[in-house]
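>>> Okay, sequence plus prediction incoming.
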Amino acid sequence: MTASPQTPGVSLGMPQLPAPDFPADVRARLEADAREVIARYPDSRSALLPLLHLTQSEEGYVSRTGIRFCAEVLGLTTAEVTAVATFYTMYRRGPSGDYQVGVCTNTLCAVMGGDAIFEELKEHLGVGNNETTPDGKVTLEHIECNAACDYAPVVMVNWEFFDNQTPQSAKAMVDDLLAGRPVAPTRGAPLCTYKETARILAGFPDERPGAVEASGGAGPASLIGLRIARGETPEHGRVVHPRGESAADTEEGE
Amino acid sequence: MTVTTEMHENGAPEKLLAPVLSAFWDEPQSWTLETYRRHEGYEGLRKALAMTPDDLIAYVKDSGLRGRGGAGFPTGMKWQFIPQGDGKPHYLVVNADESEPGTCKDIPLLFANPHSLIEGMIIACYAIRSEHAFIYLRGETVPVLRRLHEAVREAYEAGYLGTDILGSGLKLDITVHAGAGAYICGEETALLDSLEGRRGQPRLRPPFPAVEGLYACPTVVNNVESIASVPAILNRGKDWFKAMGTEKSPGFTLYSLSGHVVGPGQYEAPLGITLRQLLDMSGGMRPGHRLKFWTPGGSSTPMFTDEHLDVPLDYEGVGAAGSMLGTKALQCFDETTCVVRAVTRWTEFYAHESCGKCTPCREGTYWLVQLLRDIEAGKGVMSDLDKLNDIADNINGKSFCALGDGAASPIFSSLKYFREEYEQHITGKGCPFDPKKSTLWADTEVNA
C-alpha cells in the first residue's frame, strides 16, 4: 500500500510519548460501542477494522489516540494496530475534510473522462491529490475501481455513488458541498459527513429516515439487460446528469 | 470491425437473455423482504431444509454451479470439502470485496436484491453445518452496506436468521463486515486474514480454507453471485439450471458491459453468450466507432480484440481462446483508446495494491510501472518492450497469489496484440492518441 502524503513528518529526536487518551466521557461512549462491535465476532481481534472505522467516526481520521484506544480494548499493542491501520486506504492518516471526494482514475473511468474530471477538480478546488480545502470541507483524491464501471466516469463522495459524471457536473457538486447545500448521489443516500459515514462502516445502521430507500432499487444501467429481455427498447446512450444539467442537453449531440 | 444491427440471425434478445437474479430489480422497492417473497423468495430455503445436508451438497454439486468470482471452481465441491463431525465450528464467508477493475456485478446485485444472498447463505450454512456466517463487503460502497444491514435485520425479524430457523431447530447468525480499502482482500486467504483483524496478506496453502480457514476452522469462501444463485437452483430445480448454458458451464450469470458502448450495464444470460450478441442487442459500440480491445473478465484476464467477438463467454470457451472468463466484466474500448495508457494505468493499480508480501509482485509491479510510464511519455527504448515481457514473466506464476498473475496478463496480451502501438510511442517519442476523444462526452461536444 502506498503511504498517504498526509503522514506526519518523521522526527529524528526523542521518541514520541504515548498518545493521550480520549476524554473520559468520549472514552466511555466509544467503549460501549466497541463492546457491541466485539460481540459480533467469535474472536475479538476481528473487530479491529470496524473499530478503526469507529475511531474515524469520532475524529475523522485514525489518530494516535484512536490507535491507543483500539489497542487497549482489544488487548493488542499500538504497533499491531498501526500495522493494520496503515495497510488499508480508507483509514485517513491526518485531519481531513467533511466530504471525501474520490474520482475514479482506474483505466476505464480514466479513459471515459475520469482523468479530465480529476484535473479539473484539482484546479477548481486549488488542491492536489489527498489534500483538503482550507475550510476543511472537501478532501480530494483519486481512487481505484469502485465496481460501477457501467456508470463510468464515477465519482464517490463519502462512498456514495455519483454516476456518469462530467467535469461540469463534478464541479457543480463540489460547489454545493462547499456552500453547504444538501447533496444527493445518483445511487445512495443524501450525503452525511465523513464521520457519520464512518459510523455506518463500523456496523451501526444508518438511522436517518429514508436512507435505505433513497435513490430506488437499481440505477438505469443495472436494468438495461432486464429491459431488453422484456422486449423493451432501452434508452440508449443516455448520459445521466444527476446535478444541474438536463438530459436534453446531452441528447442533442446524439 | 463495426458492430452492426445484423442481430436477427442470432435470435431475438429476449431469447438470449435470462434474467433470474435481476428479474425484479425494477420493482420500486426491490431490496425489501416483501418484494423478495412476492418473487418466490425463501422458497428455495424451504426445499433445501427438506433435504439432508449431504443430499443438499450433492444436489448443488449436480447442478454444475461454478464459482462466479473468477476461478470457476464448482461450488458444491467446495462445500463437500468441509470435514464433518470434526468438533470445530464451521464458517461461511461471502466474498463481497468486488474490486477487480471492470467488475461491477455484485454491487448492483446486493443493492437491488440483497435477500437472494441472505437466502443462499442460509442454505449453504445448513449444508456445511455452520452457525455463523460473514459477509465481507468492500467498505467503499456504503449504499450497499445500508441495504445489507436492513436485509439482515429483516431476515432476523422474519425468523430466517437466529435460532430455530423456520422451526427446523437450525441456528444461524450473519455478521455484515465492512472492509477498509484493499483490492488484495478479494483473494480468499487475504480476506480471511483481514476478517481476523490483520493486514490483508495471502496465506500459504495448504492448509486450504476448507480445512483451516477463519480462526483455523473449516471455512467456505464463496463469491456473492455464486451464493445468490443457489436459492433459484433449489426452487426451480437443477434440471432447469442445467438447461441453460453449456454442459461444463451450466446456468445463468451476470455479464457487465462497460466502456465505449451504447448500452453499458448488467445483462443476465446463460453462460456461453458472445460479446457480439451482447453488443448487437444493446446498440453496439458508440456511433461511428469500432471495438479495439476488451477484457472478458476484468483487467486480470488477458485482453481480447475484435477477432474474439464470437468467443463463447463460458469458462471453457474463453480459456480456449487464451484468456479467462473471470468476473465477466466486459470492458470495451474503441479505437480512440491508447492501449499503452490503458495498460500503464492497470499496472499502476497492481503496484498500488500489491500487498508487499512477496518479492516478484512487489518489486516487479514497481518496475513495470517505471518502464510503462517512460514508454507512454515517449522516453522509452525498444529494448524496454522485451524487458516488460521479461519482468511480467518473472511475476507470472512466481508470486504468492493470483494478483501477480493478474498484473502480468495485460502486459503479455497487449504486447501480443498491440506491440506496434508500443513501438509507435518509442519511435514517435510520445503518445499518438488524444485522450479527449475517448471521453464519454467527446462526440457530444463535437456535434453540438
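Cool, the structure landed.

>>> Name all residues that make contact with residue 53.
Since you didn't name a chain, this refers to chain A. A:H53 makes contacts with A:M90, A:A198, A:R199, A:L201, A:A202, A:G203, B:G139, B:A178, B:A180, as judged by Cβ atoms under 8 Å, 6 or more residues apart in numbering or on different chains. The way it works is simple: take the backbone N, C-alpha and C, and place the C-beta from them, glycine included.

>>> My question was about chain B, not that one.
B:P53 makes contacts with B:Y126, B:A127, B:I128, B:R129, as judged by Cβ under 8 Å, 6+ apart.

>>> out of these, which is most surrounded?
B:A127 (26 neighbours; other Cβ atoms under 10 Å in any protein chain shown).

>>> Look up phi and psi at that one.
Backbone geometry at B:A127, expressed as degrees, to the nearest 10, gives phi -70, psi -40.

>>> Now do the top helix by length along chain A: which elements does it pack against?
Criterion DSSP state H: the longest helix present in chain A is helix A:24-38. Applying 3 or more Cβ pairs under 8 Å, 6 or more residues apart in numbering or on different chains; DSSP states H and E, one finds that helix A:24-38 contacts helix A:48-59, helix A:64-74.

>>> Could you export the helix or strand following the last one as CSV, CA atoms only?
When you say that, I think you mean helix A:64-74. Next in sequence after helix A:64-74, counting helices and strands by DSSP states H and E, comes helix A:78-85. Output of helix A:78-85 as CSV, limited to C-alpha atoms (Å, rounded to 0.1, in the frame of the first residue of the first chain):
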residue,chain,number,x,y,z
THR,A,78,-0.2,0.0,19.4
ALA,A,79,2.3,-1.3,16.9
GLU,A,80,0.0,-4.2,15.9
VAL,A,81,-2.9,-1.7,15.4
THR,A,82,-0.7,0.7,13.5
ALA,A,83,0.4,-2.0,11.2
VAL,A,84,-3.2,-2.7,10.3
ALA,A,85,-4.3,0.9,10.1
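
>>> and the direction of helix A:78-85 versus that of helix A:48-59, what angle?
Angle, helix A:78-85 to helix A:48-59, by axes from the mean of the first three to the mean of the last three Cα atoms, to 10 degrees: 90 degrees.

>>> Go through helix A:78-85 and flag the buried ones.
Buried residues in helix A:78-85, defined by neighbour count with 16 or more other Cβ atoms under 10 Å in any protein chain shown: A:T78, A:E80, A:V81, A:T82, A:V84, A:A85.

>>> How about residues contacting that helix?
Residues external to helix A:78-85 that are found in contact with it (Cβ under 8 Å, 6+ apart): A:19, A:48-49, A:52, A:62, A:64, A:67-68, A:70-71, A:74, A:91, B:197-199.

>>> rerun that using 7 Å as the cut-off
A:L48, A:L52, A:V62, A:I67, A:R68, A:C70, A:A71, A:Y91, B:G197, B:R198, B:R199 (Cβ atoms under 7 Å, 6 or more residues apart in numbering or on different chains).

>>> mean confidence score for whichever helix or strand comes after that helix?
Per DSSP H and E, the first helix or strand lying C-terminal to helix A:78-85 is strand A:99-104. Averaged over strand A:99-104, pLDDT sits at 98.

>>> Including pLDDT, could the buried residues of helix A:78-85 go into CSV?
Listed next are the buried residues of helix A:78-85 as CSV, based on pLDDT from 0 to 100:
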residue, pLDDT
A:T78, 97
A:E80, 98
A:V81, 98
A:T82, 98
A:V84, 98
A:A85, 98
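
>>> Now the two most distant members of those residues.
Spatial extent of the buried residues of helix A:78-85 (Cβ to Cβ) is set by the pair A:T78 and A:V84 at 10.9 Å.

>>> Could you look up the SS state of the residue of the stretch 301-448 of chain B found nearest chain A?
Residue of the stretch 301-448 of chain B nearest chain A, by Cβ to the nearest Cβ: B:T444 (3.5 Å). Using DSSP: H, G, I helix; E, B strand; the rest coil, the structure places B:T444 in helix.

>>> Excluding chain neighbours, give the residue nearest to the most centrally placed residue in chain B in space.
Closest residue to the average C-alpha location of chain B: B:T327 at 3.0 Å, with Cα atoms, centre = their mean. Nearest residue to B:T327 in three dimensions, chain neighbours excluded: B:T103, at 4.1 Å (Cβ to Cβ, 6 or more residues apart in numbering or on different chains).

>>> what residues are up against the one you found?
By Cβ under 7 Å, 6+ apart, the contact set of B:T103 is A:A147, B:S256, B:G298, B:T327, B:A329.

>>> ok, those vs B:G288, which is closest?
Of all the contacts of B:T103, B:S256 has the smallest distance to B:G288: 24.0 Å, by Cβ to Cβ.

>>> Please compute how far the helix or strand hosting that closest one lies from its chain's middle.
Per DSSP H and E, B:S256 falls inside strand B:252-259. Going by Cα atoms, centre = their mean, to the nearest Å, the spacing between the C-alpha centre of strand B:252-259 and its chain's C-alpha centre is 10 Å.

>>> Check stretch B:388-399 too.
Counting by Cα atoms, centre = their mean, stretch B:388-399 is centred 23 Å from the centre of its parent chain.

>>> how about it: buried residues?
Counting neighbours by 16+ other Cβ under 10 Å, stretch B:388-399 gives B:L388, B:N389, B:I391, B:A392, B:N394, B:I395, B:N396, B:S399 as buried.

>>> Helices of the stretch 101-250 of chain A, residue ranges please.
A:107-109, A:115-125, A:167-179, A:194-201, A:224-229, A:247-251 (DSSP state H, counting those that start in this stretch).

>>> What's the mean pLDDT across the last one?
Read that as helix A:247-251. Helix A:247-251 comes out at a mean pLDDT of 38.

>>> quick one, helices of the stretch 251-400 of chain B?
B:275-282, B:315-320, B:339-353, B:359-376, B:383-395.

>>> Ignore what I typed, I meant the stretch 1-150 of chain B.
Counting by DSSP H, counting those that start in this stretch, the helices of the stretch 1-150 of chain B are B:13-16, B:33-38, B:43-49, B:53-63, B:75-80, B:106-112, B:114-128, B:142-157.

>>> which stretch among those comes nearest B:L271?
Closest approach to B:L271 among these (Cβ to Cβ): helix B:13-16, 11.9 Å.

>>> where are the low-confidence patches of the chain?
Reading this off chain A. For chain A, the stretches with pLDDT under 70 are A:1-10, A:235-254.

>>> nope, chain B
Within chain B, the stretches with pLDDT under 70 are B:1-11, B:445-448.

>>> per the record, what domains does it have?
Following automatic domain parsing, one finds the domains of chain B at B:20-242, B:252-334, B:339-432.

>>> quick one: stretch B:188-203 to chain centroid distance?
Computed by Cα atoms, centre = their mean, the chain-centroid distance of stretch B:188-203 equals 19 Å.

>>> and it, how far apart are its ends?
Terminal residues of stretch B:188-203 lie 9 Å apart, using Cα to Cα, to the nearest Å.

>>> Establish whether it and chain A are in contact.
Yes: interface with chain A: stretch B:188-203 contributes B:S194, B:L195, B:E196, B:G197, B:R198, B:R199, B:G200 (Cβ under 7 Å from any Cβ of the partner chain).

>>> what does stretch B:149-164 give?
Yes: using Cβ under 7 Å from any Cβ, stretch B:149-164 reaches chain A at B:H149, B:E150.

>>> what's in contact with that stretch?
The contact list for stretch B:149-164, computed with Cβ under 7 Å, 6+ apart, reads A:205, A:212, B:31, B:33, B:42, B:114-115, B:118, B:122, B:165-166, B:171-174, B:176.
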